[in-house]
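> Build the 3D model from these lines:
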Amino acid sequence: MTDSTFNRTGFMDEDVKPDNCVVLSAADTARIAKMVRVFERTGHGRWPVVGFRLVPAAVEVTIEDKDASFSTTVSTAGDQNRLATEGVVWLKGSGFAEFADALSMGPADETVKIEWPLHWSDAKDGDGHSLMPDTDLRATRGDFMVEVRALSLDRDNFPVEGEYEHPEIDTEYPVRLSANQREAMFELVPFASTDESRRNIGSVCLRTTPDAAITNPGGKLRIAATDGHRLAWIDTAATGQGWPDKPTDALLPVDAMKRMVRAFATATNRKMGIVFNVSLRTIKSAEIGEPDKTRRDRRGNAERYYVAAAAEAKTDEWRMRFLCIDDSYPDTDKVIALEPGRAVAVDAVKLANCFRIMGKGLKRHRSSVVSMHVVLGGHIRIATPSRLDGWRSEVDLPCESFDAPDCQIGVNVAYMAAAIKVVCDKGDMARLVISDEFSPMLITGDRRPETFMLVMPMRL
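Numbers count the residues shown, from 1 in each chain. As a prediction, the model looks like this:
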């Protein structure tokens, strides 16, 4: 390619045939662009890149940054696709998303043709090529055409294939979740911590435990998320083969989980399950040895367990690879083993509405705490603090008491409303297990017996 490829404004001349061309449907182009935007928002300022690899009758599209790799395969339109080199050709992600947004006005049944010249001769060992600075992308959709100038990037921030060393995944250790289990897991993502200084709880923990009592291959699965003020978890059973003989914690980063949620939102089939292929080692590590972590069980005995190094989330439409957080997750068994106390059952919808309405008033007074007083007469009284000048709200809700103590506990209205939404269905009774004003409150629902929520008390 020579300088005659570009006209005076820097864009491609009409009579020049670009070296590379990929033809996608408009729907697939929009779906890929949405995932690029998700990577940009959750990538902590890192540039995502988009790679194209031609496979029989399809194009494999990969979106990567330093945190994760997302891959999907989309069908092609005829034999118009061509790449000037073997392997993957990488484009800047934001440039792809920009012309995808600009072409959104075109007809829905039109295809999108993406063209660009190859302008990098020093590719790394022939593995792939990248777009050089000041190279232009042209996209056409029917009568619409958009040309985008690729911004100049530092060579270190614009990788060719292989510079993002995402781990190889040991597929002999899968954890298969049904569509309902996957949706329940995604509901726990908002409860994970966003504090970057606490990396271990900035994740969703998958804890797998082999159980001979379960007839299907697999065992017990606990999915947990916490931010230090509340703990949400699901106890269920999962299928899979080749599970380790010791419990294993896979700490899935919260950013990767958010990307999975968005990937399902853009998928054509939103009711499919998901498979997590968990790896106990990365490319550079040796064979699996003894479990590398130790903690104490309820009786004080030492318990050995594994910590996963990497994971791959895989569905029928896409897959995502990422490193797990190499740290110890809080021992949820010790928290859950607290004295359960006694319970009250109250209508979940009425209780959630009460917290939501009170929360709006408390927000104006820069507060978020209310008191819950279990009265022996068969009702629960929820009231705002008396220190708020000029405004007070109090509600009495009927409840069924199961030897609950006559006590008063302070709770965060936003935490309570979110907890009830996760553990209870519409028309369900919320069961509140209260020990005393200093102990966490356990919240469960009758129709979701496998989902639990633990909320820490607040100072009144």
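> domains of this protein?
3-157, 174-336, 342-455 (automatic domain parsing).
> can you list those in a markdown table and add mean neighbour count?
Where you see a C-beta, it was placed from the backbone N, CA and C, and this is true even at glycine. Putting those into a markdown table (neighbours: other Cβ atoms under 10 Å) gives the following:
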| stretch | mean neighbour count |
| --- | --- |
| domain 3-157 | 17 |
| domain 174-336 | 17 |
| domain 342-455 | 17 |
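> I'd like those as JSON lines, with mean pLDDT appended.
JSON lines is the format used below for the domains of the chain (pLDDT from 0 to 100):
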{"stretch": "domain 3-157", "mean pLDDT": "70"}
{"stretch": "domain 174-336", "mean pLDDT": "81"}
{"stretch": "domain 342-455", "mean pLDDT": "85"}
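> host element of I325?
Counting by DSSP states H and E, no helix or strand carries I325.
> gap between it and G43?
As judged by Cβ to Cβ, to the nearest Å, I325 and G43 stand 17 Å apart.
> do D347 as well
In terms of Cβ to Cβ, D347 sits 43 Å off from G43.
> same deal with L231?
Per Cβ to Cβ, L231 is found 28 Å from G43.
> just T239 next, same as before
Distance from T239 to G43, counting by Cβ to Cβ: 33 Å.
> what do you get for S94?
On the measure of Cβ to Cβ, S94 and G43 end up 11 Å apart.
> Likewise for A139?
Distance from A139 to G43, by Cβ to Cβ: 23 Å.
> Repeat that for V307.
25 Å.
> Kindly report the same for A58.
Counting by Cβ to Cβ, the gap from A58 to G43 is 27 Å.
> Now do the strands in the stretch 101-250 of the chain.
111-116, 128-130, 136-141, 144-149, 174-177, 203-210, 218-226, 230-239, 248-253 (DSSP state E, counting those that start in this stretch).
> quick one: strands adjacent to the third one?
The one in question is strand 136-141. strand 111-116 (antiparallel), strand 144-149 (antiparallel) (DSSP bridges).
> okay, the strands of the stretch 101-250 of the chain in TSV with distance to F186 next?
Formatted as TSV, the strands of the stretch 101-250 of the chain follow (distance: least, Cβ to Cβ, whole Å):
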stretch	distance to F186
strand 111-116	30
strand 128-130	33
strand 136-141	33
strand 144-149	34
strand 174-177	10
strand 203-210	9
strand 218-226	10
strand 230-239	11
strand 248-253	11
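> which one of these lies closest to C399?
Nearest to C399, of all the strands of the stretch 101-250 of the chain, is strand 230-239, at 21.6 Å by Cβ to Cβ.
> Quick one: work out the angle between that closest one and strand 203-210.
Calculated by axes from the mean of the first three to the mean of the last three Cα atoms, to 10 degrees, strand 230-239 forms an angle of 40 degrees with strand 203-210.
> Just the C-alpha atoms of strand 230-239, please, in PDB.
Below are the C-alpha coordinates for strand 230-239, written out as PDB (Å, rounded to 0.1, in the frame of the first residue of the first chain):
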ATOM      1  CA  ARG A 230     -24.600  -7.100  53.800                       C
ATOM      2  CA  LEU A 231     -24.000 -10.700  52.600                       C
ATOM      3  CA  ALA A 232     -26.100 -12.400  50.000                       C
ATOM      4  CA  TRP A 233     -25.700 -16.000  49.100                       C
ATOM      5  CA  ILE A 234     -27.400 -18.900  47.300                       C
ATOM      6  CA  ASP A 235     -27.000 -22.500  48.400                       C
ATOM      7  CA  THR A 236     -27.800 -24.900  45.500                       C
ATOM      8  CA  ALA A 237     -26.400 -27.900  43.600                       C
ATOM      9  CA  ALA A 238     -24.500 -27.700  40.300                       C
ATOM     10  CA  THR A 239     -23.500 -30.300  37.800                       C
END
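> packing partners for it?
For strand 230-239, the helices and strands in contact under the criterion 3 or more Cβ pairs under 8 Å, 6 or more residues apart in numbering; DSSP states H and E are strand 174-177, helix 179-187, strand 218-226, helix 332-336, helix 413-423, strand 451-455.
> Turn these into CSV, columns for distance to S25.
Formatted as CSV, the helices and strands packed on strand 230-239 follow (distance: least, Cβ to Cβ, whole Å):
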stretch, distance to S25
strand 174-177, 29
helix 179-187, 25
strand 218-226, 35
helix 332-336, 45
helix 413-423, 36
strand 451-455, 38
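> All the helices of the protein, residue numbers only.
Secondary structure of the chain by DSSP state H: the helices cover 26-42, 93-102, 179-187, 254-266, 332-336, 348-364, 413-423.
> To D195, which of those helices lies closest?
Closest approach to D195 among the helices of the chain (Cβ to Cβ): helix 254-266, 10.4 Å.
> Go ahead and flag the most central residue of the protein.
M257 (1.3 Å; Cα atoms, centre = their mean).
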